[in-house]
Each structure stands twice: as C-alpha cells, then as structure tokens.
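Novice: next input, structure requested:
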Amino acid sequence: MDPPVTVAPDTTVDVPFLLAETDFVTDVMFLTQHPWLVEMTLITPDGDVVDPAFVSRLTGRNYFKLADQVVYYRLTLLVPIGAGPRAGQWLARFHLSGQAVRKAISEDGKLSREDARKILREGLRGTLLVHASSDLRMHAEVRQDSFEPGAESRLRVTLSEYDVPVSQRAEVRAVVTDPTGVAASIALPEAAPGVFEEAFVAALPGVWTVLFQATGKTMRGTPFTREAVRTVALWRGGDRYRPKEGEEPKAGRREAWRVVRQDEELVELLNRRLTDAGLSLEDLESEQI
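Specialist: Down below sits the predicted model:
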C-alpha cells in the first residue's frame, strides 16, 4: 500500500494497514522531504506503541532509521511486540509539532523560511509504504498479444498461502490507467482455485499502468491486502520494430514530429510524396515512436 499522507501542524494522523499471521517481516516507510520534522510511531492491533526507543531494545533484524527523505521501521514479527496479537489492523501514527517547524528555521538553515511557511500553511506531505515478507503471496502479470494500439492485454493474478491456492476467499481488482490519465476499475473473476483472470483492449499508444489490488482472508480468517503494479507499452509499428536499450529516439525527434503533425498542408504534402514512393505516414511514424 502507498497512500499519500498530509500531517498538519500540531495534529496527529493515523493511517491503518493490515498484517496477517502469514507475515513474518514488515517494512514501514514514510517518504517525505523533511523526515526529521515528523514523529512516527506504530500502533499494534492491541494498542501497544512501537517507537524508536522500543525498537532499540529488540534483538535481531529490527531497527528504526531516519535517513534522507525517509523514516523507516523494520520489524521481525516473530519477536514479541507487546502482549497482544500481531495480526490485524495496525496504525502508522504521525505527529507534527508546529514549534519544531519554527525552531528548525534557525538551526543551521535546516529549513528555509519559505519551506517552513508552506508546511505551517499546508502541512507536511509524504507517502506511506508498507511492505511485508509473507507466506501469503500474490503473483501478478500482464500478457499482451501485440505491441500495437488495440492489443488485448490479459490480466492474471495467482494467490497462494503456504503454497496452497487461496480459493473462494479473495477478491481481485485492477485499476487500469491509460496514457491520458483516465482510470477504470476491472474485476478479475476467479477462473481456477487461487487464479484470477480478465482481459481488456488497450486502444491508445503509450504506457498503460495496471494496479492490481487483492483483498481477502487467510486460512485463520484474518483480513489481508496485496498490491502490485505492472505496465503495458504500445506504439505504432510495435510489432515491426521493438526499440532496444540505447536505440530509443530522442525526445527532440518526437517533439519535431508533433510539430509536423500540426501543419495540415505539410502533412498532405508528405502523404502525396510517400504515396508516390509506395509508403505511408504510418511507416514514417513507426521510425519515430
């Protein structure tokens, strides 16, 4: 999961996320431009607080890090964390002190006055990333039958728990975003135990983004979520020519072709000349895109 987070001065924001008994390591990261301004803690399903001081007392591969543009917790969930269960809804809790923002202006220029005013006015913005190493796994893939616009792209997700298919206890959707930014949600029906499939036609050239989202319950009934992102790339002439690394046309060449396309008289002249030579504009475009 990677929800955007905005923390206003002198407020506390809780962002929920799910961990299941199948998860054995979790990484919880907050990506922000000024990570040292925010206080970030984790709250277990039973209400116990995990903060940097608590993590420093744990053994093994458990740690808290404050680095460039990130606040980072890693927890090995096999170690005792509080008295309650580790499976269920956790919270990532954020607090931003307005006084800390104002104080940072005078501390070795760590924060400019302009940045401080923006944070005090709009809050501190960032993105929460939660990753888990787990025995409940999702594998997502996209298979396209062509690299040309109009290709059929088949979506496929497999879910397994301890190598056993997750059957009849999960739902999968895909949010497909086309090159213009228009998004549509597609349900993937369960075609076989733990296998979810559907297809869509990608009509436009460019890069399509597919966000797979799975929700369900483990064998013990604990809710879980899984996400994955894949892409579909299409271009005119894609089945005749596939660019290799180092051979992609420069952005200036594509921009020049866009300018040519805006001149109707020039396009008409090109059409006539190319037709006389037994060619077409599509042949020329396939060399540019």
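
Novice: residues near Pro189, how many?
Specialist: The tally of other residues near Pro189 (other CB atoms under 10 Å) stands at 10. All C-beta atoms are positioned from the backbone trio N, CA, C, and that covers glycine.

Novice: burial check on Ala53, number of neighbours?
Specialist: 9.

Novice: any idea how far it lies from Ile186?
Specialist: Ala53 sits 46 Å away from Ile186, going by CB to CB, to the nearest Å.

Novice: try Ser133
Specialist: The gap separating Ser133 from Ile186 is 28 Å, by CB to CB.

Novice: over to Ile81?
Specialist: For Ile81, the distance to Ile186 - CB to CB - is 38 Å.

Novice: between these two, which is the more surrounded one?
Specialist: For Ile81 versus Ile186, neighbours defined as other CB under 10 Å are more numerous around Ile81 (20 against 15).

Novice: ok, how many other residues are close to the residue lying closest to that one once chain neighbours are set aside?
Specialist: Distance criterion CB to CB, 6 or more residues apart in numbering; nearest residue to Ile81, sequence neighbours excluded, is Thr44 at 5.9 Å. By the criterion of other CB under 10 Å, Thr44 has 21 neighbours.

Novice: for the one 5 residues further on, same thing?
Specialist: The burial metric for Val49, expressed as a neighbour count using other CB under 10 Å, is 13.

Novice: any idea which helix or strand carries the closest residue to it other than its chain neighbours?
Specialist: With sequence-adjacent residues excluded and distances taken as CB to CB, 6+ apart, Val49 is closest to Thr41, at 5.6 Å. Using DSSP states H and E, Thr41 maps to strand 38-43.

Novice: where does pLDDT dip in the stretch 101-250 of the chain?
Specialist: Within the stretch 101-250 of the chain, the stretches with pLDDT under 70 are 107-109, 241-250.
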